[in-house]
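In: what follows is a predicted structure for the sequence shown.
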Amino acid sequence: MQDSARHWPAEGMVRVPYWVYSDRDLYAQEQTRIFQGPTWNFLCLDAELPTPNSYRRSSLGEMPVVVTRDKAGKVHAFENRCAHRGSLLCINDSGEAKNIVCVYHNWTYDLEGNLFGVAFRNGIGGKGGMADDVKPELHGPRKLRVEILGGLVFGTLSAETPPLEQFLGTEIVKHIKRVMRGPVKVLGGYNQMLPNNWKLYMENTKDSYHASLLHTFFTTFRLNRLSQRGGLVVNHSGGAHISYSLTADVAGKEYEQAGMRSAQEGFTLEAPEQLFKSVDEFGDGIGLQILAVFPNFVLQQIRNSLAVRRLVPKGQEQSELVWTVFGFESDDAEMIDMRLRQANLIGPAGFISMEDGAAGGWVQRAVNTAPDILSVVEMGGRGIESSESRVNEAAVRGIWTEYRRYMDL
Amino acid sequence: MQEKNRSVDGELQARVQDLQARYAQCIDDALLDQWPDFFTEDGRYLLTTADNVARGLPLGMMYATSQRMLRDRIAALREVNVYEAQRYRHIISMPVVARDGDVVRAQTNFFVARIMHTGETMLFATGCYRDSISVANDGSLRFAEKIVILDSRQIDTLVAIPL
């Protein structure tokens, strides 16, 4: 990318130029400046490393990462790349191991990512091998800093990233702890391939305005309406936000009066109790909380449906969303049953979430041929302030504020 | 299910095969209102992945425990959810059938292509149906349980239509 080629529009964060979703050079820069830069990326749940001497694969953007729990229980993360010829060290998704051994030439690493064994380093029978002054350790996998908050494992490659809680801000930390209230029990997962640039999904999660308009199911069953009490909290940097609403029903007719497609008054379910049965497990009346942290993390609570979603860029027009759905170790059978039923709301087949799998692609297909045209992001004003209203795009403006800072645009 | 454990006559084998073929045809012909009728009143339907099954994890993408819930799925698909027009084409294998008391168990493999309204066609899913089939007094067969196990945990875009 030539420096002169791309300039952010003068209007600032209320306009987004469509070239951000299709520029190849920009995509390569995002890998180094954002994912490998001074950001915290969600890696996995603490519960997904269930025992000492276990590992699993994750990523920082497209960069492959191994996350490990050592013998003493401490979690580490490092690049999944051998110091020798650059092969993946771990080819299995997860497992148990005392060491990480590169399959290609058997070079061996401890669970912190330190190279300690080179096969036949001194040759065999005095022949072959490597001279004493060769230091392959200097080419070892890059190590991440790791922090764990409420059972969520985050990593960053940069020494400049502020401590995690400072990066997130107190409100975001509070709302993470609100959901992550005890030892986690993983219920399952799946990966959803999204036909769009990763930023379109990030924007979608930040967009509290679309939820009740696109997702008819939300509105029809009054699970989430913009007329319900709730709020939008954007952190100091703009990169993290919470959108929440209270379960308490309101009998408002705003959607019906406006003739919204999403308000289908005549539509009812035959077996709503088999789908929606839920409890106020957090005891605060909040029925829906979407918490998203730029660049790759979403924590979702829809009633008792809890999930983390990890966003992985896969080229400028594709991304992968890794869903892990969970409850708590303390759940009884009835609670688990409720969570599994409510899981119908989310994921690629979710009554609510299925549209989000396609929405980014609708934008991608339309804007690929309009790189120099601008989208309009002015709902709820022009800033990134928190608000009681979710008819608001402050959190979308927030990530563009962050994006421009990292990308120097 | 080894050969020696099977005590299934040719007629039952043929009827299970017919059931599977009609089930796939119902979906492929977009006669989704008829889809719940393939299940017993309290029939279970679970769409999950081989990975979840291997790890003993109960989560599904679609999960229903009654015909009513299956009808709700179709009603939402017809009236509520937003997705681009698409259809499926199933290719199913010969079912492996075994009797287990009153229940008939069957495992049938599938390939499903997804055809979008744009003409774009892709291999959307491979996997197997792990079914428990109940035989009614009149001899008709219905699914008491259908577990759809996708070989891959990776789903393209969305699953609107059931598999």
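Out: Perfect, I can see it now. Numbering: from 1, shown residues only, chains lettered A, B, ... in the order given.
In: please make it C-alpha for all contacts and neighbour counts, starting now.
Out: Will do.
In: domain ranges for chain A?
Out: A:46-147, A:170-407 (automatic domain parsing).
In: now check the longest one, is it near chain B?
Out: Yes - between domain A:170-407 and chain B, judged by CA under 8 Å from any CA of the partner chain, the touching residues are A:186-195, A:214-217, A:262, A:264, A:267, A:269-271, A:274-275, A:325, A:340-341, A:343-344, A:346-352, A:354-355, A:357-358.
In: quick one: which of these sit in strands?
Out: Residues of these located in strands (DSSP state E): A:186-194, A:325.
In: which residues of the chain score low on pLDDT?
Out: No chain in the question, so chain A it is. For chain A, applying pLDDT under 70 flags the ranges A:1-4, A:222, A:248-252, A:256-266.
In: other chain: chain B
Out: In chain B, residues with pLDDT under 70: B:1-7.
In: can you pull out the helices in it?
Out: B:10-28, B:50-54, B:67-79 (DSSP state H).
In: how about the strands of chain B, start to end?
Out: Going by DSSP E, chain B shows strands at B:39-49, B:62-64, B:86-92, B:96-100, B:103-116, B:121-135, B:141-150, B:154-156.
In: for A:F35, what are its contacts?
Out: Taking CA atoms under 8 Å, 6 or more residues apart in numbering or on different chains, we find A:F35 in contact with A:41, A:60-61, A:295.
In: try it again with 6 Å
Out: A:60-61 (CA atoms under 6 Å, 6 or more residues apart in numbering or on different chains).
In: chain center to stretch B:101-118, what's the gap?
Out: 5 Å (CA atoms, centre = their mean, to the nearest Å).
In: does chain A have contacts with it?
Out: No - Stretch B:101-118 is not in contact with chain A by CA under 6 Å from any CA of the partner chain; minimum separation 12.7 Å.
In: just the CA trace of that stretch, in PDB.
Out: The C-alpha coordinates for stretch B:101-118 follow below in PDB (Å, rounded to 0.1, in the frame of the first residue of the first chain):
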ATOM      1  CA  GLY B 101     -35.800 -54.700  21.600                       C
ATOM      2  CA  ASP B 102     -38.800 -52.700  20.400                       C
ATOM      3  CA  VAL B 103     -36.600 -50.100  18.800                       C
ATOM      4  CA  VAL B 104     -35.000 -50.200  15.500                       C
ATOM      5  CA  ARG B 105     -31.600 -48.600  15.200                       C
ATOM      6  CA  ALA B 106     -30.200 -47.300  12.000                       C
ATOM      7  CA  GLN B 107     -27.100 -45.500  10.800                       C
ATOM      8  CA  THR B 108     -27.200 -43.800   7.500                       C
ATOM      9  CA  ASN B 109     -24.400 -41.700   5.900                       C
ATOM     10  CA  PHE B 110     -25.200 -38.600   3.900                       C
ATOM     11  CA  PHE B 111     -23.600 -36.000   1.600                       C
ATOM     12  CA  VAL B 112     -25.600 -32.800   1.300                       C
ATOM     13  CA  ALA B 113     -25.100 -30.200  -1.400                       C
ATOM     14  CA  ARG B 114     -26.400 -26.700  -0.900                       C
ATOM     15  CA  ILE B 115     -27.700 -24.900  -3.900                       C
ATOM     16  CA  MET B 116     -28.100 -21.200  -3.500                       C
ATOM     17  CA  HIS B 117     -30.600 -19.100  -5.500                       C
ATOM     18  CA  THR B 118     -27.500 -17.600  -7.300                       C
END
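In: just the residues contacting it, thanks.
Out: Taking contacts as CA under 6 Å, 6+ apart, the residues outside stretch B:101-118 that touch it are B:85-93, B:95-98, B:121-134.
In: identify the bridge partners of the residue lying closest to A:E96 once chain neighbours are set aside.
Out: Distances taken as CA to CA, 6 or more residues apart in numbering or on different chains put A:S54 closest to A:E96, at 4.1 Å, once the chain neighbours are dropped. A:S54 forms beta bridges with A:R69, A:E96, as assigned by DSSP bridges.
In: on that earlier part again, turn the helices of chain B into TSV, columns for mean neighbour count and distance to chain A.
Out: Converted to TSV, the helices of chain B look like this (neighbours: other CA atoms under 10 Å in any protein chain shown; distance: least, CA to the nearest CA, whole Å):
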stretch	mean neighbour count	distance to chain A
helix B:10-28	17	16
helix B:50-54	15	6
helix B:67-79	20	6
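In: need the domains of chain A in a markdown table (columns: mean neighbour count).
Out: Compiled in a markdown table, the domains of chain A are given as follows (neighbours: other CA atoms under 10 Å in any protein chain shown):
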| stretch | mean neighbour count |
| --- | --- |
| domain A:46-147 | 18 |
| domain A:170-407 | 20 |
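In: okay if I get those domains as TSV plus distance to B:I74?
Out: Formatted as TSV, those follow (distance: least, CA to CA, whole Å):
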stretch	distance to B:I74
domain A:46-147	35
domain A:170-407	10
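In: so which of these comes closest to B:Y23?
Out: Ranking these by proximity to B:Y23 (CA to CA) places domain A:170-407 first, at 19.7 Å.
In: chain A: helices as residue ranges?
Out: Counting by DSSP H, the helices of chain A are A:24-30, A:164-168, A:170-179, A:198-206, A:211-214, A:216-220, A:254-257, A:272-276, A:333-342, A:354-367, A:394-407.
In: ok, now which ones touch the spatially most central residue of chain A?
Out: For chain A, the residue nearest the mean C-alpha position is A:F297 (2.0 Å; CA atoms, centre = their mean). Contacts for A:F297 (CA under 6 Å, 6+ apart) come out as A:42, A:309-310.
In: tell me the one of those nearest A:K177?
Out: For the contacts of A:F297, the nearest to A:K177 is A:F42 (15.2 Å; CA to CA).
In: count the neighbours of the closest residue to B:T121 other than its chain neighbours for me.
Out: Closest residue to B:T121 apart from its sequence neighbours, by CA to CA, 6+ apart: B:I115 at 4.5 Å. B:I115 has 17 neighbours, counted by other CA atoms under 10 Å in any protein chain shown.
In: just B:G56 next, same as before
Out: Around B:G56 there are 11 residues (other CA under 10 Å).
In: B:T126 now?
Out: B:T126, neighbours per other CA under 10 Å, totals 18.
In: and the nearest residue to it once chain neighbours are set aside, bridged to which residues?
Out: The shortest distance from B:T126 to any non-neighbouring residue, by CA to CA, 6+ apart, is to B:F111 (4.6 Å). B:F111 has the following beta-bridge partners by DSSP bridges: B:I91, B:T126.
In: distance-wise, check B:F111 relative to A:S227.
Out: According to CA to CA, to the nearest Å, B:F111 and A:S227 sit 45 Å apart.
In: repeat that for A:G347.
Out: 25 Å.
In: do B:R22 as well
Out: 46 Å.
In: what's across from the residue nearest to the centre of chain A in the sheet?
Out: A:V293, A:R310.
In: export the helices of chain B to CSV and tack on distance to A:V279?
Out: Output for these, formatted as CSV (distance: least, CA to CA, whole Å):
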stretch, distance to A:V279
helix B:10-28, 35
helix B:50-54, 26
helix B:67-79, 20
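In: looking at those, which is nearest to A:G239?
Out: Among the helices of chain B, helix B:50-54 sits nearest to A:G239 (CA to CA), with 32.5 Å.
In: so what touches the closest one?
Out: A:188, B:149-151.
In: mind putting those residues in JSON lines, distance to A:L115 included?
Out: Shown next, in JSON lines, are the contacts of helix B:50-54 (distance: CA to CA, whole Å):
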{"residue": "A:G188", "distance to A:L115": "34"}
{"residue": "B:I149", "distance to A:L115": "40"}
{"residue": "B:L150", "distance to A:L115": "38"}
{"residue": "B:D151", "distance to A:L115": "36"}
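In: need the buried ones from these selected in ChimeraX.
Out: Those of those that count as buried under 16 or more other CA atoms under 10 Å in any protein chain shown are selected in ChimeraX with:
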select /A:188 /B:149,150
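In: if the closest residue to B:I133 other than its chain neighbours is in a bridge, with which residues?
Out: Excluding the flanking residues, the one nearest B:I133 by CA to CA, 6+ apart is B:F143, at 4.5 Å. As for beta bridges, B:F143 partners with B:F39, B:I133 under DSSP bridges.
In: fine, thanks again, bye for now.
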